[in-house]
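Novice: A predicted structure for the sequence below; I have some questions about it.
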There are 2 protein chains.
Amino acid sequence: MNLPTFADIEAAAARIAPYAFETPLIENAALNARMGRRVFLKAEPFQRTGSFKFRGACNRILLIPERERKNGVVAFSSGNHAQGVAAAAQLFGVPATIVMPLDAPRIKVEGTKSYGATVLFYDRRKEDREAIAGDLCAKHGSTLVRPFDDAGVIAGQGTIGLETARALTAKNVTIDEVFVPCGGGGLLTGTALAITTLQPSAKVIGVEPYDYDGMRLALAAGEPVRVPAKESSIADSLLPPMAGKITLALARKVVSRIEVARDDDFARAVSYSVRTLKIVAEPGGAAGLAALLRSAAKSEAGAAVVVISGGNCDPDMLARCCASFPEP
Amino acid sequence: MNLPTFADIEAAAARIAPYAFETPLIENAALNARMGRRVFLKAEPFQRTGSFKFRGACNRILLIPERERKNGVVAFSSGNHAQGVAAAAQLFGVPATIVMPLDAPRIKVEGTKSYGATVLFYDRRKEDREAIAGDLCAKHGSTLVRPFDDAGVIAGQGTIGLETARALTAKNVTIDEVFVPCGGGGLLTGTALAITTLQPSAKVIGVEPYDYDGMRLALAAGEPVRVPAKESSIADSLLPPMAGKITLALARKVVSRIEVARDDDFARAVSYSVRTLKIVAEPGGAAGLAALLRSAAKSEAGAAVVVISGGNCDPDMLARCCASFPEP
């Protein structure tokens, strides 16, 4: 199995630099006071396409040999990976077909179409998205850009950790804990690999939705396990059926622990992000913030980093979260 | 009349550096494509207290002689200056009394109280906020921290222009136009002074609400003129009764022109900011963005800078703006 290395992340950073933005690390006085320590928010809603997914997609597409690019790329995604792949493909003139669930948020479907991709819908409960995508690839010789279980994709997402650890190390800030949303684990493991390479004492914590805790189950079982989910969650970007093999193998080396959060935790974090941080976060993108907010204040520890991984949230969902949790 | 100088802005930057954040300059691919040029968003919602006002308040309070600080400070404000003064006063242990209109947004009243200030309400249509504040100062020997017509306050706000011009000059970006919200003109003139000193070819444009165009009227008349407003506006942070004498004198030297915008323009800009930029902006804070969005796309000009001056917006107002302007 081809595990990505720190050198792959450095190479990815150089490769995507002309296309991706270096997103800001935002500090908030009210959040620092509440948590009793410095907190740095790595704000990926300000990445191209509104989420971190552009990084991995851009790196992966640039790794496709030139002569194969004309056959196009295929991806399956509830929306952020879809937009990342569609936008990167558009930049390089590569045709893109994206397989999306019928219940994907409207803002994500519109975004994907706006980057010129062809969108095919499937029923999340009845159809197998991997099979649909595999058929498309076989038919047209296209390259499948996996959402997380791919060394090139993970290395691209890891550039978030590289930027964060370099910026904080330059400021002489010691990172104690890093809270990262976890779906399939590409963002989590790439970020953790970069940060623990540069600051080995940092603890990286993945945050999954309750009942969609595929990485927690995989770490316990030693192999990917299908999640027990019966109902959906507002954290639509964190609902893959199971963790990846590569992300699991990497998580065993670089991730400290997994926490789970419920819809109310996500909604509270979205409301806090809008009211206090002034950052538009989607529920899944706010998973790390959700875990931080319910953790105990720490005055002796080093800094906390929270990756806010995406902000592609329909305004109606923002309004619902803010109405449900009106406290600042 | 004591006009602030570029050296005053440099001194203010050093004075407030331990307390204020250097806010990010955010670039957005969709906005660049729409406007046909690079646009840099100077994002003051990420400043301490959620707006730029902390900068001027912090600089002004640090200029009060030590022995006078115990007598406290007084300010009048609809909310952002209120929070800036309250937060800076709290940092330095100075008692603060803030005179606020009865119709100030709830998030701003709560914010001001959260920083430990005493809040006194007045009726915007029947009472004179300057007289109320003057009486308080006379009674307790307190210092009045004016919202804009004060050299120390203007120099503090000017640090926004200093940070922006330095960062863009370092990237070899030539600034063509700068769009800045204008209430009394402190932010506009301080920012314009710093930017035109460092990049003399930059044109700085102030944006005022229609019927609250005090700076435009003052520039035409050669002296501050009371605005003709009969109704309120959703741009609650841009509604002072007239421009200042100092801000007018400075505007004549460093501001290129004034534009006016209506409530629909502000609401459209707030919706665009939430949906596309992922930044929570309040209606008045989005005035510069409103003017940019309705301007023609330019492919030959240099970069545009937009100061998003604040993000203290009740979630209900965000939802209203997004519902009224659902297009991305």
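Specialist: Looks like it came in fine.
Novice: tell me which residues of the least confident helix or strand in chain A by mean pLDDT are tucked away?
Specialist: Here the helix or strand of chain A ranked lowest by mean pLDDT, DSSP states H and E is helix A:106-114, holding a mean of 91. Neighbour-count burial for helix A:106-114, counted by 16 or more other Cβ atoms under 10 Å in any protein chain shown, picks out A:107-113. For glycine as for every other residue, the C-beta is placed from the backbone atoms N, C-alpha and C.
Novice: One more: stretch A:18-28?
Specialist: For stretch A:18-28, by 16+ other Cβ under 10 Å, it's A:19-28.
Novice: Please write out the alpha-carbon positions of that stretch in CSV.
Specialist: C-alpha atoms of stretch A:18-28 as CSV (Å, rounded to 0.1, in the frame of the first residue of the first chain):
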residue,chain,number,x,y,z
PRO,A,18,-0.1,28.6,-8.4
TYR,A,19,-3.8,27.6,-8.0
ALA,A,20,-4.7,27.2,-4.3
PHE,A,21,-4.8,30.0,-1.8
GLU,A,22,-2.8,30.0,1.4
THR,A,23,-5.7,30.4,3.8
PRO,A,24,-5.4,32.5,6.9
LEU,A,25,-4.9,31.4,10.5
ILE,A,26,-7.5,33.4,12.3
GLU,A,27,-7.3,34.1,16.1
ASN,A,28,-10.3,35.4,18.0
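Novice: Which residues of the stretch 151-300 of chain A lie near chain B?
Specialist: A:271, A:274-275, A:277-280 (Cβ under 8 Å from any Cβ of the partner chain).
Novice: and of the residues you listed, the nearest to B:Leu250?
Specialist: A:Lys278 (28.7 Å; Cβ to Cβ).
Novice: got a list of what the closest one touches?
Specialist: B:45-46, B:50, B:279-280, B:311 (Cβ atoms under 8 Å, 6 or more residues apart in numbering or on different chains).
Novice: let's see it at 10 Å
Specialist: Under the criterion of Cβ atoms under 10 Å, 6 or more residues apart in numbering or on different chains, the neighbours of A:Lys278 are A:26, A:28, B:43-47, B:50-51, B:278-282, B:285, B:308, B:310-313.
Novice: Please report phi then psi for the closest residue to A:Leu318 other than its chain neighbours.
Specialist: Closest residue to A:Leu318 apart from its sequence neighbours, by Cβ to Cβ, 6 or more residues apart in numbering or on different chains: A:Val274 at 6.1 Å. Main-chain dihedrals, A:Val274, degrees, to the nearest 10: phi -70, psi -50.
Novice: before we move on, back to that, mind listing what's buried in the next helix or strand after the least confident helix or strand of chain A?
Specialist: Downstream of helix A:106-114, the next assigned helix or strand under DSSP states H and E is strand A:118-122. Buried positions in strand A:118-122, judged by neighbour count with 16+ other Cβ under 10 Å: A:119, A:122.
Novice: could you check whether strand A:118-122 is close to chain B?
Specialist: No: for strand A:118-122, no contact with chain B is found by Cβ under 10 Å from any Cβ of the partner chain; the gap never falls below 16.3 Å.
Novice: Tell me the helix or strand right after that strand.
Specialist: Beyond strand A:118-122 toward the C-terminal end (DSSP H and E), the next one is helix A:129-140.
Novice: buried set for stretch A:219-235?
Specialist: Within stretch A:219-235, judged by 16+ other Cβ under 10 Å, the buried ones are A:219, A:224-225, A:227, A:232-235.
Novice: so how far is the first residue of that stretch from its last?
Specialist: 21 Å (Cα to Cα, to the nearest Å).
Novice: Over it, what's the mean pLDDT, rounded is fine.
Specialist: Stretch A:219-235 carries an average pLDDT of 93.
Novice: I figured A:Val109 hits A:Ile98, correct?
Specialist: Yes: at 9.3 Å, A:Val109 counts as touching A:Ile98 under the criterion of Cβ atoms under 10 Å.
Novice: any residues in contact with both of the two?
Specialist: Joint contacts of A:Val109 and A:Ile98 (Cβ under 10 Å, 6+ apart) are A:79, A:82-83, A:119, A:121.
Novice: Determine which two of those are furthest apart.
Specialist: A:Gln83 and A:Phe121, at 15.5 Å, using Cβ to Cβ across these.
Novice: circling back: turn the buried residues of helix A:106-114 into a markdown table, columns for distance to chain B.
Specialist: Formatted as a markdown table, the buried residues of helix A:106-114 follow (distance: Cβ to the nearest Cβ, whole Å):
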| residue | distance to chain B |
| --- | --- |
| A:Ile107 | 7 |
| A:Lys108 | 12 |
| A:Val109 | 12 |
| A:Glu110 | 7 |
| A:Gly111 | 8 |
| A:Thr112 | 13 |
| A:Lys113 | 11 |
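Novice: Looking at these, which is nearest B:Ile195?
Specialist: For the buried residues of helix A:106-114, the nearest to B:Ile195 is A:Gly111 (33.4 Å; Cβ to Cβ).
Novice: what sits against the residue nearest to the closest one when sequence neighbours are not counted?
Specialist: Among residues not flanking A:Gly111 along the chain, A:Gln83 sits closest, at 4.6 Å (Cβ to Cβ, 6+ apart). A:Gln83 is in contact with A:48-51, A:53-54, A:57, A:75, A:77, A:98, A:107-115, A:117, A:310, A:312, counting by Cβ under 10 Å, 6+ apart.
Novice: Repeat the analysis, applying 8 Å as the threshold.
Specialist: A:49-51, A:53-54, A:108, A:111-112, A:115, A:312.
Novice: got the residue ranges for the strands in chain A?
Specialist: A:25-27, A:39-43, A:73-76, A:96-101, A:118-122, A:143-144, A:175-181, A:203-209, A:257-261, A:303-308 (DSSP state E).
Novice: Turn those into TSV, including mean pLDDT.
Specialist: Listed next are those as TSV, based on pLDDT from 0 to 100:
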stretch	mean pLDDT
strand A:25-27	98
strand A:39-43	98
strand A:73-76	96
strand A:96-101	95
strand A:118-122	95
strand A:143-144	97
strand A:175-181	98
strand A:203-209	98
strand A:257-261	98
strand A:303-308	98
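Novice: Determine the longest helix present in chain A.
Specialist: helix A:151-170 (DSSP state H).
Novice: Can you check what angle separates that helix from strand A:203-209?
Specialist: Interaxial angle of helix A:151-170 relative to strand A:203-209 (axes from the mean of the first three to the mean of the last three Cα atoms, to 10 degrees): 130 degrees.
Novice: what mean pLDDT would you report for helix A:151-170?
Specialist: 98.
Novice: buried set for it?
Specialist: Buried, per 16+ other Cβ under 10 Å, within helix A:151-170: A:151-165, A:168.
Novice: got it, and stretch A:292-301?
Specialist: For stretch A:292-301, by 16+ other Cβ under 10 Å, it's A:292-293, A:301.
Novice: now swap in stretch A:54-73 and tell me
Specialist: A:54-64, A:69, A:72-73.
Novice: Greatest separation within those: which pair is it?
Specialist: The farthest-apart pair in the buried residues of stretch A:54-73, when distances are taken by Cβ to Cβ, is A:Arg55 and A:Gly72, at 20.6 Å.
Novice: Turn the residues of the stretch 151-300 of chain A next to chain B into CSV, columns for distance to A:Lys245.
Specialist: As requested, those are exported to CSV (distance: Cβ to Cβ, whole Å):
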residue, distance to A:Lys245
A:Ser271, 36
A:Val274, 37
A:Arg275, 40
A:Leu277, 35
A:Lys278, 39
A:Ile279, 33
A:Val280, 34
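Novice: Now, of those, which are buried?
Specialist: Here, 16+ other Cβ under 10 Å leaves A:271, A:274-275, A:277-280 buried among those.
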